[in-house]
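Trainee: Sequence unavailable; structure follows:
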């Protein structure tokens, strides 16, 4: 094993923790957005964005302070503008999610959330002329199928009830 390699057991542990944290995050967001409702959706979405900034800063600060991110990477022309644009779009997405979350059933939210992946691929293809490999298309399809399958039980319950 090379000096920079990470043991596979650690990667598996990180994967399990991320899946658990992601699921918990999604459930807690639904509860929070439902509790605040659409009248406080701006406040709730800005709170979420503030937490993302704090989490990201916590992860990034040690890298910046230790010099693991070279100065030439940090000072690339246009880099700050690109990250600012992505941050603004992500903030807008969080706000719109907060506005609609109070009216969207919890079981449909993962389906709506997972449409982000194929729609991003389509937008990248149209505007950026990005080409994806067959494996990337298959991955996006598997994610969409999984999201659709997760909604089937709730649709069956609503039809029988």
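Mentor: Perfect, I can see it now. What you see is a predicted model; the values in this text were computed from it and never measured.
Trainee: per-residue pLDDT, the spatially most central residue of the chain?
Mentor: Geometric centre of the chain, nearest residue: residue 113, 8.3 Å, by Cα atoms, centre = their mean. Per-residue confidence for residue 113 comes out at a pLDDT of 78.
Trainee: For the helix or strand where it lies, name the packing helices and strands.
Mentor: Taking DSSP states H and E as the definition, one finds residue 113 inside helix 109-114. If contacts are counted by 3 or more Cβ pairs under 8 Å, 6 or more residues apart in numbering; DSSP states H and E, helix 109-114 sits against helix 8-36, helix 134-160. All C-beta spots, glycine's among them, are computed from the backbone N, C-alpha and C.
Trainee: would TSV of those with mean neighbour count and mean pLDDT be doable?
Mentor: Conversion of the helices and strands packed on helix 109-114 to TSV gives the following (neighbours: other Cβ atoms under 10 Å; pLDDT from 0 to 100):
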stretch	mean neighbour count	mean pLDDT
helix 8-36	12	83
helix 134-160	12	83
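Trainee: would you turn the ones you listed into a markdown table with distance to residue 98?
Mentor: Compiled in a markdown table, these are given as follows (distance: least, Cβ to Cβ, whole Å):
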| stretch | distance to residue 98 |
| --- | --- |
| helix 8-36 | 5 |
| helix 134-160 | 20 |
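Trainee: How many residues are close by residue 110?
Mentor: Using other Cβ atoms under 10 Å, residue 110 has 17 neighbouring residues.
Trainee: about what we covered before: for residue 103, which of the helices and strands packed on helix 109-114 is the nearest?
Mentor: Within the helices and strands packed on helix 109-114, the stretch nearest residue 103 is helix 8-36; the backing value is 9.6 Å (Cβ to Cβ).
Trainee: related to what we said a few turns ago, mind checking which of the helices and strands packed on helix 109-114 is nearest residue 62?
Mentor: helix 8-36 (16.8 Å).
Trainee: Could you pull up the mean pLDDT of the following helix or strand past that closest one?
Mentor: Remark: after helix 8-36, the chain's next helix or strand is helix 41-66, criterion DSSP H and E. When pLDDT is averaged over helix 41-66, the result is 81.
Trainee: got the buried residues for helix 41-66?
Mentor: Of the residues in helix 41-66, 41, 44, 45, 48 count as buried by neighbour count, 16 or more other Cβ atoms under 10 Å.
Trainee: Cheers, nothing more for now.
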